[in-house]
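>>> Sequence first, predicted coordinates after that:
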Amino acid sequence: MAERPEDLNLPNAVITRIIKEALPDGVNISKEARSAISRAASVFVLYATSCANNFAMKGKRKTLNASDVLSAMEEMEFQRFITPLKEALEAYRREQKGKKEASEQKKKDKDKKPDSEEPDKSRGEDNDDEDDRLEEEEQNEEEEVDN
Amino acid sequence: MMSWDSLERQHPCRVPRGAASAQARVRGASWAAETRKMADAAVGKDKCGEQRLVSLPLSRIRVIMKSSPEVSSINQEALVLTAKATELFVRHLATSSYRHGSGRAKRALTYSDVASTAQEAETFQFLADILPKKILASKYLKMLKEKREEEEDQSQEEEALS
């Protein structure tokens, strides 16, 4: 059997939880049903990505952005997702802004006190992710975002 | 020292009730802790126990997105939105499948509920190929036979006309 370098499946535990939350209490979900929905979700990601990419290419951009994804939802006739997605986007941007301000504040505090001890530097990995996101967010601000 | 397990096995009725329930309690406590951890992971609670915006892992979503050949790069916001949209989609497909056909409350969601929805609802048509309805093998063979007979009749007709 050939080894697949990439697993295109989503984690069962998370899928199951999302399904359970959507259905009334006590409803059983057969293993086959869960597997079917999980596969459908992967196909959904592919379809949405392809659709969003068309919008990016139309805008002569190489990077998929938030508005591309929103346009894709419209195109795929999942308009019901658009409002909750916009809300999620707002919440995400607020969160990112908060993190950015917090780390800038930390820097300021550090500069003020050169003798102070190193602040809690746990979660080094998360800091890297944050930096990546900050970089991308700055790029994003330059591009036009349709809301 | 003999373990409680082996004791139970040998003398199932004789293990004092207190010991068995204490053991069960200890097992229960660590089991509960494990379940909580898994539940937290599933809910997407990070180390602080705060609820994340999306529960599906972004890294996996990114892998699926990147498997698409024409895609070069994905900005973080697009990734987060796609993950969130997928979550909304799972809910939507689950509830639509559950309600499909019958209006009454059912006790279980089965594969055929999902397959029927994929085949019949317009929104989910793009799933039709990956979620076929299940039929009995005998029925399928019968369908094949009928199709072949139909094609034979058609070609005979064409011959007659030429």
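Alright, I've got the coordinates.
>>> use CA for all of it now, contacts and neighbours both
Fine.
>>> Could I get the buried residue list for the helix or strand A:K110 falls within?
Under DSSP states H and E, the secondary-structure element containing A:K110 is helix A:82-112. For helix A:82-112, a neighbour-count test (16 or more other CA atoms under 10 Å in any protein chain shown) marks A:82, A:85-86, A:88-89, A:92, A:96, A:100 as buried.
>>> Check stretch B:54-66 too.
For stretch B:54-66, by 16+ other CA under 10 Å, it's B:54-58, B:60-62, B:64-66.
>>> thinking A:R34 is in contact with A:I15, fair?
Yes: contact criterion CA atoms under 8 Å: A:R34 and A:I15 qualify, at 7.5 Å.
>>> can you give me phi and psi for A:R61?
phi -110, psi 150 (degrees, to the nearest 10).
>>> meant to ask about A:N28, not that
Residue torsions, per degrees, to the nearest 10, at A:N28 are phi -80, psi 140.
>>> mind listing the helices for chain B?
Applying DSSP state H to chain B gives helices spanning B:4-10, B:17-43, B:58-66, B:76-99, B:111-120, B:137-161.
>>> I meant to write chain A there.
A:12-22, A:31-58, A:66-75, A:82-112, A:124-142.
>>> wait, does the helix holding A:K110 contact chain B?
Yes: judged by CA under 8 Å from any CA of the partner chain, helix A:82-112 and chain B are in contact via A:85, A:88-89, A:92.
>>> of the residues you listed, closest to B:L131?
Taking CA to CA as the measure, A:L85 is the one of the residues of helix A:82-112 next to chain B closest to B:L131, at 26.7 Å.
>>> Wait, the closest one touches B:A83, no?
No: A:L85 is beyond contact range of B:A83, at 10.0 Å (criterion: CA under 8 Å).
>>> quick one on the thing from earlier: tell me which of the helices of chain A approaches B:F124 most closely.
Minimum separation from B:F124 across those (CA to CA) falls at helix A:31-58, 9.3 Å.
>>> Run the chain-centre distance for that closest one.
Relative to its chain's centre, helix A:31-58 lies at 14 Å (CA atoms, centre = their mean, to the nearest Å).
>>> just stretch A:23-34 next, same as before
With CA atoms, centre = their mean, you get 26 Å for stretch A:23-34.
>>> is chain B contacted by that stretch?
Yes: Stretch A:23-34 lies within reach of chain B by CA under 8 Å from any CA, at A:23, A:26-30, A:32-34.
>>> pLDDT and distance to A:K106 for those - can I get that in a markdown table?
Putting the residues of stretch A:23-34 next to chain B into a markdown table (pLDDT from 0 to 100; distance: CA to CA, whole Å) gives the following:
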| residue | pLDDT | distance to A:K106 |
| --- | --- | --- |
| A:L23 | 94 | 44 |
| A:G26 | 91 | 48 |
| A:V27 | 93 | 49 |
| A:N28 | 93 | 49 |
| A:I29 | 95 | 48 |
| A:S30 | 94 | 50 |
| A:E32 | 95 | 50 |
| A:A33 | 96 | 49 |
| A:R34 | 96 | 45 |
